[in-house]
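> fold the stuff below for me.
(2 chains)
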Protein chains: 2
Amino acid sequence: MTTRPLRADARRNVESILDAATTCLARDPDASINDIARAAGVGRVTLYGHFENRAGLVGAVVDRAMRESEASLRGVDLSGDPAAALVRLIEASWQVTLRYGALVVAAERSMPVAEMDAAHTEPRERVRRLLERGRAEHRFRTDLPVSWLLTAMHTVTHAAAASVYVGELADAEGARAIAATMLGLLTPPGAVVPDVAALRSVR
Amino acid sequence: MTTRPLRADARRNVESILDAATTCLARDPDASINDIARAAGVGRVTLYGHFENRAGLVGAVVDRAMRESEASLRGVDLSGDPAAALVRLIEASWQVTLRYGALVVAAERSMPVAEMDAAHTEPRERVRRLLERGRAEHRFRTDLPVSWLLTAMHTVTHAAAASVYVGELADAEGARAIAATMLGLLTPPGAVVPDVAALRSVR
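So this is what the prediction gives:
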């Protein structure tokens, strides 16, 4: 299949719409197509010319946000103690979450589960490798399927973002809450739950 | 305000619609208004006469399911060791979850967050009291807000239901996965994570 490149003005429109949608949705997950078209300075007809519906637009915004996030997460050092590496990864991921704010909430509300899953493939595989190494080194529990631990990690991370959004957790508390929760959740039965603060200085 | 009682045939229609919707949504969270009207043996016009839209109908179904669930959860013995009491509560809650199947998924997809929260007030308060007792008795962690631990519990429970729905966890594994996950998550840093099986015989 060959794809004809978009004309320059169409490309500019798409970029303006994606920028405006990112800003609008990061502030208000319920931002409407009208809000976004207005912020982008384009008409509804133009917007619908590029995106089939609101879910399609949210999907494209999340897609671009995920690509930019991937670039920063790829730099995190995941060597050494798996628990300490997990804390570093969670802290870097949290910075990404704060940058995109309520966009996470918008994505969860409007994207089909299958698309949300697809958008999370790379971060999920990164966490999976770390969890598997932690299990092999007896640092993380092996009595529950790794797929479930991944689901729990995904779920807890998004719940923390939602809790910050509604003001139940402070921005700065988010990373510590996720890290503390995940370290407890991953500790094998019979082992001692590590302290997040103590792990910050561990290599 | 006085509410005029529904006529007998209208009341029967509402009950048929709620029964049909419960069955349809417990099997397929994407069941449409048409599927439900057909299963209930009523027309769309009749259905829309009683429920404003799909979300309103899902809300009413969840409402009734929650009332029936409440009746069975109220009977769980929550005295004694808070961790063992939590395992009992999780196991009883899981039976309710299995009974209503994909209805949980349907509710999460279509109900506004505020309504979902309202529907969970009673179960949430029950868990809150148990968590607070566990914290007072140094069995559960106090370094994270109780509101966050409640959110984590709610989130993990619904993630387990969704995982069973997509076949990632077996029906029978659900309760153990939630209990093991929550016990790890709730254990204070520096303390040993308890084993679920061992707690089953504890009072």
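
> I'd like the next helix or strand past the helix or strand of chain A at the bottom of the mean pLDDT ranking.
Lowest on mean pLDDT, DSSP states H and E among the helices and strands of chain A sits helix A:113-119, with a mean of 72. Reading on from helix A:113-119 to the C-terminus, the next helix or strand found by DSSP states H and E is helix A:121-136.

> is chain B contacted by the helix or strand that that next one is followed by?
Once helix A:121-136 ends, the next helix or strand along the chain (criterion: DSSP H and E) is helix A:146-165. Yes - using C-beta under 8 Å from any C-beta of the partner chain, we find that helix A:146-165 touches chain B at A:Ser147, A:Trp148, A:Thr151, A:Ala152, A:Thr155, A:Val156, A:Ala159, A:Ala160, A:Ala162, A:Ser163. (Glycine included, C-beta is placed from N, CA and C.)

> quick one, helices of chain A?
A:8-27, A:33-40, A:44-50, A:54-73, A:82-100, A:103-110, A:113-119, A:121-136, A:146-165, A:173-186, A:196-199 (DSSP state H).

> pick out the shakiest of those, pLDDT-wise.
Of all the helices of chain A, the minimum mean pLDDT falls on helix A:113-119 (a mean of 72).

> contacts only, for the most centrally placed residue in chain A.
Nearest to the mean C-alpha position of chain A, by C-alpha atoms, centre = their mean, lies A:Thr97 at 6.0 Å. Counting by C-beta atoms under 8 Å, 6 or more residues apart in numbering or on different chains, A:Thr97 makes contact with A:Val104, A:Thr157, A:Ala160, A:Ala161, A:Gly174.

> going by distance to chain B, which of those residues wins?
Taking C-beta to the nearest C-beta as the measure, chain B sits nearest to A:Ala160 out of these, at 7.8 Å.

> ok, that closest one - contacts?
With C-beta under 8 Å, 6+ apart, A:Ala160 has these contacts: A:Trp94, A:Thr97, A:Leu169, A:Gly174, A:Ala177, A:Ile178, A:Thr181, B:Trp148.

> which members of these are the farthest-apart pair?
By the measure C-beta to C-beta, A:Thr97 and B:Trp148 form the most distant pair in the contacts of A:Ala160, at 15.4 Å.

> distance of the closest residue to A:Val146 other than its chain neighbours from B:Arg64?
Nearest non-adjacent residue to A:Val146, counting by C-beta to C-beta, 6 or more residues apart in numbering or on different chains: A:Leu131, 5.6 Å away. A:Leu131 is 40 Å from B:Arg64, where distance means C-beta to C-beta, to the nearest Å.

> the two: who's more crowded?
Between A:Leu131 and B:Arg64, counted using other C-beta atoms under 10 Å in any protein chain shown, the more crowded position is A:Leu131 (22 against 15).

> check the gap between the more buried one and chain B for me.
From A:Leu131 across to chain B, the span is 14 Å (C-beta to the nearest C-beta, to the nearest Å).
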